[in-house]
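1. What would the 3D arrangement of this be:
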Amino acid sequence: MAHLIDKRTNDYCFLYAHHTFGRYQYSVDTLVSDPSVSKIHTIIEWVNGKWFIRDLSLNGTWLNNKRLVKDEPKLLCIGDKIYFSGNSETTYVVKNLAAPADQLIRLDEYNKKTTDVISLSHYHLVPEHNPDHVVVFENSSGQWHLESLDDATQDDPEVLQDNHIITLGDSRWMFLSSHIDDVTQMSSVPQLYINDLEFHFNLSLDEEISELTIKYNNKEIDLHARCHHYLTLNLARYRAEDAQRGVTPANQGWVETDRLVKDLGVDMRYLNIQIHRARKQFSEVLTHVHDAENIIERQLRRVRFAGKTFEIYKGHELERTSNVATA
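-> Below is the predicted model:
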């Protein structure tokens, strides 16, 4: 996420995609307390893959000691110096011009922003090496949610808003969104649905190695061997069993997490991590599939495999095949 540094305070100023500066506290993104500064004085904005600055003020904005032409965009470069009205004590230096991104920004012991950031891209287990939380973007609501791994099936996850502070491990982090509108970009991407996919599981005879391949429209994606594929495979087994018993499609495959813990011989925390690792991989690999993370669908304290068409091979022999009616 692009940012400036306030030379007077050494504070970092992270930029939204459309970022305003001025002295009108409730209408700007960055407050500049100076009587010579206009209510909304300057805008920095992301346009066609680059950052530009525009002056909207009466008294002027200076870039590298040169006054900007009012309302005329000027390209920003690393190292540029920005100050307002000619005599403002506040000077910003451009330090980073990365594209806008939703991010978690680590706070130091004084609760000041640092440049230690996590750029969010749909699905994250955090902290990465020993996760205790999940940060996930919900397409249906357009919001980021924070979930605890102590209850991976919680019914009411925490919604993250700008400047929301959370604790991850031993650190405190602030959530900042990019404020960029992705609707037009997303609508131009061809969308598939979960029911358009075919899932092919390969399981070793000792059930130690699980591989998964996904096929659609004569294409194939190899998700390779992963521990969490064994969870997904077993959820597919539950669904196939329900289909054979004549359970209605909407109710097929739902299994209590307590039962999964017993059947798989793991503890609840390990199960929760595997659920989220599977959902994370689906969301990252199947970016063209609507709600791909919901291939493993969740409700309070129960989960299921949402795939319609799948095959399970064990030791290269077909164990089970299913073409479940659409839910």
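
2. so what's residue 66 bridging to?
-> residue 63 (DSSP bridges).

3. Start the count at 49 instead of 1 going forward.
-> Sounds good: first residue 49 from here, last item residue 114.

4. Tally up the residues packed near it, please.
-> If you count neighbours by other C-beta atoms under 10 Å, residue 114 ends up with 8. No exception for glycine: its C-beta is placed from N, CA and C like everyone else's.

5. Any figure for the gap between it and residue 299?
-> Using C-beta to C-beta, to the nearest Å, we find residue 114 at a distance of 68 Å from residue 299.

6. And for residue 60?
-> Relative to residue 299, and taking C-beta to C-beta, residue 60 is found at 51 Å.

7. how long is stretch 292-308 end to end?
-> End-to-end distance for stretch 292-308, by C-alpha to C-alpha, to the nearest Å: 20 Å.

8. ok, residue 316 - contacts?
-> 305, 309 (C-beta atoms under 8 Å, 6 or more residues apart in numbering).

9. Show the backbone phi and psi for it.
-> phi -60, psi -40 (degrees, to the nearest 10).

10. do residue 212 as well
-> Per degrees, to the nearest 10, the backbone of residue 212 is at phi -70, psi 130.

11. Residue ranges in the stretch 249-375 of the chain under the pLDDT threshold?
-> For the stretch 249-375 of the chain, applying pLDDT under 70 flags the ranges 371-375.

12. At which residues are the strands of it located?
-> 258-264, 267-273, 303-304, 344-347, 350-353, 357-362, 365-371 (DSSP state E, counting those that start in this stretch).

13. deepest of those, which one?
-> By mean neighbour count, with neighbours taken as mean count of other C-beta atoms under 10 Å, strand 350-353 ranks first of the strands of the stretch 249-375 of the chain at a mean of 22.

14. shouldn't residue 53 be in contact with residue 141?
-> Yes. Judged on C-beta atoms under 8 Å, residue 53 makes contact with residue 141 at a distance of 5.2 Å.

15. separation between residue 317 and residue 179?
-> 10 Å.

16. So the two - more neighbours on which side?
-> residue 179 (18 against 14).

17. and the residue nearest to the more buried one when sequence neighbours are not counted, how many neighbours?
-> Once flanking residues are discounted, residue 179 sits nearest to residue 173: 3.9 Å by C-beta to C-beta, 6 or more residues apart in numbering. By the criterion of other C-beta under 10 Å, residue 173 has 19 neighbours.

18. Note down every partner strand of the strand or helix carrying residue 173 and its orientation.
-> Of the helices and strands defined by DSSP states H and E, residue 173 is found in strand 171-174. Strand 171-174 has the following strand partners under DSSP bridges: strand 181-186 (antiparallel).

19. So for the strand it pairs with, what gets flagged as buried?
-> Residues of strand 181-186 classed as buried by neighbour count (16 or more other C-beta atoms under 10 Å): 181-185.
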